[in-house]
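Enquirer: Following is a predicted model, sequence given first.
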Amino acid sequence: MTLFFLRPHAVVVRLAIFAFAIFLPAVFAYASIVGSVHGLIHDPQHRPMQGAHLVLHARNSDWQQGAMTDRNGEFRFDSIPLGEYRLTVFEQGFAAEEQHLTVVSGRTEEVHFALRLAMQHEQVAVTEAAEDVATTQSSVSRSLVSRAEIAATPGAERSNSLAMITDFVPGATLVHDQLHVRGGHQVTFLLDGVPVPNTNIASNVGPQFDPKDVDYLEAQRGGYSAEYGDRTYGVFNVVTRSGFERQRQGELVTSFGSFNATDDQISLGDHSERSAWYGSLSGYRSDLGLETPDSPILNDQAGGLSGFVSLIYNRTPNDQFRLTSSSRGDHYQIPNNPDQQAADVRDVEDERDGFVNFSWLHTAGPGTVFTVSPFYHFNRAHYTGGANDVPIPNQDRASQYVGGVASGAFTRGKHQASLGVQVFGQHDNEFFSVISNDGSGDAAASRRLQWGNQEVVFAEDQWQARSWLTLNGGVRLTHYSGAISENSADPRVGAAVRIPRVNVTFHGYYGRYYQAPPLLTVNGPILALAAQQGFDFLPLHGERDEQYEVGATVPLGSSTHRWSLEGTYFHTGARNFFDHDVLGNSNIFFPVTIARARLQGWEATLRSPQLWRHSSLHLVYSHQRAEGGGAITGGLTDFTPPDSGLFFLDHDQRDTLNIGANFDLPWRVRGDSSVHYGSGFLNGDGPSHLPSYTTADIALTRSFGEKWRVGVSALNLTNTRYRVDLSNTFGGSHLANGREIIGQVKYRFKF
């Protein structure tokens, strides 16, 4: 892949940095989707057991790895993909022991086995580990969502759904068809640990992946290590299906529901001991695509196709190669209000997205892992105004990103040190035009090409100072060059303290972030038309954030029947806060920056173990404030003096609550439900807020043997209609979707 869009001298510099990162002999850091497992085994007299056999097995697939203890009774598994596992130890003369555990990215799970003498007819002793993912080793606020939870959550498997985020991540909501987390909307998506960069804010409404292809979703919402930070408000690490969960097996998913909606997929997968592959082809359509500005559903069809491929090859036990690739296209009609429909307004948006990510993971020795991950991403959004629009807008933007990440890590004693480099070049090609269409003959158009690049170096150390105390410290250095050039040095420090006996863990964190601006915005002849209306353009600079948070994780119940409760308070102060202004009801958003913003609140998550062996429960709650202040510092502005003090941002909503439950019923029937509460978004320019709302979703599924599964879901069961937002300076006017009934059939087959 050539860097055809970079300036020649920039190519040399970027490739030099990238090559340096790949071959730097002292580079050590963990790959973004892997963790490790370390432990100790001793006999009933507390003597270390040498030569004991262990098997680590994924709970949802055939992936497994074996190990033996050394003379100190210790064992270690490196480069373990994040997810849920069972670890079993076998030793002649002793009872087999098994523990369930959860591996998350960049962290070592500590496990302890105390073997018992074998008794005749004794079965494997199983210890259920806590389902939470917070320990003394991390100050990160995170949630882990499995494929089983995604499949069970009503509506979460639909191609355009983000319910696997909004149902499980505190304060995550959809406003004007955009995901918002912790009061902001700049989030990072990683596919199998490799970033999918996108510096364009709010220009796309279609997602970059299909939820049916997801194996696990790790959602980090604060306390990030130095490895992350280009997008402050959420880091979503998507681990895709690999094929290890299948043996020459395919699955056909088809559904049909309200508003002539259908969402279909065929997927195939297989594996051997050293390799695995998975591929899928998906398609969807609906008469209810985007959130409507009013209650009638007018001009709101949506449809799309996508394909996904994952290939894994374990050349040796210490070398893994993985390739993931996706391509999708989406078509959206822009919904009308009754007046626009009567005027024969027919706007549409077409989007394209594709990426190719490659990763090489090399385990150089115990606790030492190298990772090299080149990537390519293409993203396009083309908005076409109808012939009867006044004015007629047309925006066509195509962005290409090419670069890579080189990282590695080593674990030595009580230290986990990390170092890495991320580099990418970006090329944007944008055409924008406006035709007045009111008889005045006014028209303006421009095409801009822009080159840009970003280089990041990160380093961090995690020190287990005591068995109950972990300290984290790191720094992230960023250089950005586009229409402007900026540099940033961002420190990250954190600590986690576990209180012995009660096992309550307290964590604290302080960090700074830099978010690069969009490469392009309105310019050229368009400015002349804007100037006639009193507007002008100010250069966009990067957002700079300062965040701190404190929290606690409290285990409730016994070690074999444990609830997990986590609470966190966060405060984010931003300079040049990114937001966007909308062109009428067009869904064309122009990026702007506000002088400052203050985002603060507290959030809680609660997860239950299996209750009565037939049900479970999870809850997420957030209470927050999203406020801005000062003038428009970048983007299109009319230089209106700002009001003194702070004002609420358009996506401010004080309280959100999501409760999910699942339960097994007789005759192989499973029920799943979700209840959503919101206190109401900002009412226009505020400071008042819209009325509160409560909605409920429910799903029932029944299995017929091993091949067939039939289900029905009802979203917004009570048909509660409420305003998501009202038109003000930013955003737009949108009404929440009404009741939707969806039937689904899944068929598994061999090939």
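Expert: That came in fine, so what should we check first? Bear in mind the structure is a predicted one, so any value in this text is a computation, not a measurement.
Enquirer: going forward, measure contacts and count neighbours with C-alpha atoms only.
Expert: Noted.
Enquirer: how about the helices in the protein?
Expert: Taking DSSP state H, the helices of the chain run over residues 8-23, 147-152, 163-166, 338-342, 525-532.
Enquirer: Out of those helices, which gets the lowest mean score?
Expert: Lowest mean pLDDT of the helices of the chain: helix 8-23, a mean of 41.
Enquirer: in the chain, which residue is closest to the centre?
Expert: Nearest residue to the geometric centre of the chain (CA atoms, centre = their mean): residue 236, 2.1 Å.
Enquirer: what about residue 212, neighbour count?
Expert: Using other CA atoms under 10 Å, residue 212 has 21 other residues around it.
Enquirer: wait, doesn't it sit right on residue 157?
Expert: Yes: at 5.5 Å, residue 212 counts as touching residue 157 under the criterion of CA atoms under 8 Å.
Enquirer: what residues are shared contacts of these two?
Expert: Contact criterion CA atoms under 8 Å, 6 or more residues apart in numbering; residues shared by residue 212 and residue 157: residue 151.
Enquirer: wait, what's in contact with the nearest residue to residue 735 once chain neighbours are set aside?
Expert: Closest residue to residue 735 apart from its sequence neighbours, by CA to CA, 6 or more residues apart in numbering: residue 723 at 4.6 Å. Neighbouring residues of residue 723 by CA under 8 Å, 6+ apart: 690, 733-736.
Enquirer: ok, 10 Å please
Expert: Residue 723 makes contacts with 292-295, 680-683, 690-693, 733-737, as judged by CA atoms under 10 Å, 6 or more residues apart in numbering.
Enquirer: Give me the buried entries from those residues.
Expert: By neighbour count, with 16 or more other CA atoms under 10 Å, the contacts of residue 723 hold 292-295, 680-683, 690, 693, 733-737 as buried.
Enquirer: wait, which of these is closest to residue 188?
Expert: Closest approach to residue 188 among the buried ones among the contacts of residue 723 (CA to CA): residue 681, at 24.1 Å.
Enquirer: And the nearest residue to the closest one once chain neighbours are set aside, what's its pLDDT?
Expert: Spatial nearest neighbour of residue 681, chain neighbours left out: residue 653 (4.6 Å); criterion: CA to CA, 6+ apart. Looking at residue 653, its pLDDT reads 92.
Enquirer: my guess is residue 653 contacts residue 690, does it?
Expert: Yes: at 9.1 Å, residue 653 and residue 690 qualify as touching, with contact defined as CA atoms under 10 Å.
Enquirer: got any residues that touch both of these two?
Expert: 678-682, 724.
Enquirer: Where strands are concerned, which of those residues count?
Expert: Using DSSP state E, 678, 724 are the members of the shared contacts of residue 653 and residue 690 that sit in strands.
Enquirer: Widest-spaced pair of the shared contacts of residue 653 and residue 690?
Expert: Across the shared contacts of residue 653 and residue 690, the two lying at the largest distance from each other (CA to CA) are 678 and 682, at 11.7 Å.
Enquirer: which residues are common contacts for these two?
Expert: Overlap of the contact sets of residue 678 and residue 682 (by CA under 10 Å, 6+ apart) consists of 653-654, 690-691, 724.
Enquirer: In CSV, list those residues along with distance to residue 574.
Expert: As requested, the shared contacts of residue 678 and residue 682 are exported to CSV (distance: CA to CA, whole Å):
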residue, distance to residue 574
653, 18
654, 19
690, 26
691, 28
724, 25
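Enquirer: Inside strands: which ones of these?
Expert: Those of the shared contacts of residue 678 and residue 682 lying in strands (DSSP E): residue 724.
Enquirer: out of the shared contacts of residue 678 and residue 682, what pair is the most spread apart?
Expert: So, the shared contacts of residue 678 and residue 682 by CA to CA: farthest apart are 654 and 724, at 13.3 Å.
Enquirer: neighbour-wise, which of these two wins?
Expert: For the pair residue 654 and residue 724, the greater number of neighbours falls to residue 724 (28 against 18), based on other CA under 10 Å.
Enquirer: Could you double-check that the more buried one sits in contact with residue 175?
Expert: Yes: in this structure, residue 724 is within contact of residue 175 by CA under 10 Å, at 6.5 Å.
Enquirer: Between those two, which contacts overlap?
Expert: 291, 651, 681, 732-736.
Enquirer: where do the strands sit along the stretch 101-250 of the chain?
Expert: Taking DSSP state E, counting those that start in this stretch as the criterion, the stretch 101-250 of the chain contains strands spanning 108-114, 125-128, 141-146, 173-175, 178-180, 188-191, 194-195, 214-222, 235-240, 249-257.
Enquirer: okay, those in TSV with mean pLDDT and distance to residue 746 next?
Expert: Formatted as TSV, those follow (pLDDT from 0 to 100; distance: least, CA to CA, whole Å):
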stretch	mean pLDDT	distance to residue 746
strand 108-114	81	36
strand 125-128	50	31
strand 141-146	86	19
strand 173-175	87	28
strand 178-180	88	29
strand 188-191	87	25
strand 194-195	85	30
strand 214-222	89	16
strand 235-240	89	19
strand 249-257	96	5
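Enquirer: Looking at the ones you listed, which one is packed in the most?
Expert: Highest mean neighbour count of the strands of the stretch 101-250 of the chain: strand 194-195, a mean of 26 (counted as mean count of other CA atoms under 10 Å).
Enquirer: Tell me which other helices or strands that one touches.
Expert: Packing partners of strand 194-195 (3 or more CA pairs under 10 Å, 6 or more residues apart in numbering; DSSP states H and E): strand 235-240, strand 348-365, strand 368-384, strand 392-412.
Enquirer: CSV for those strands, including distance to residue 492?
Expert: As requested, the helices and strands packed on strand 194-195 are exported to CSV (distance: least, CA to CA, whole Å):
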stretch, distance to residue 492
strand 235-240, 16
strand 348-365, 26
strand 368-384, 22
strand 392-412, 18
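Enquirer: between those, which gets nearest to residue 482?
Expert: Counting by CA to CA, and looking across all of the helices and strands packed on strand 194-195, nearest comes strand 392-412 at 13.2 Å.
Enquirer: May I see the buried residues of that closest one?
Expert: So strand 392-412, judged by 16+ other CA under 10 Å, has buried residues 392-411.
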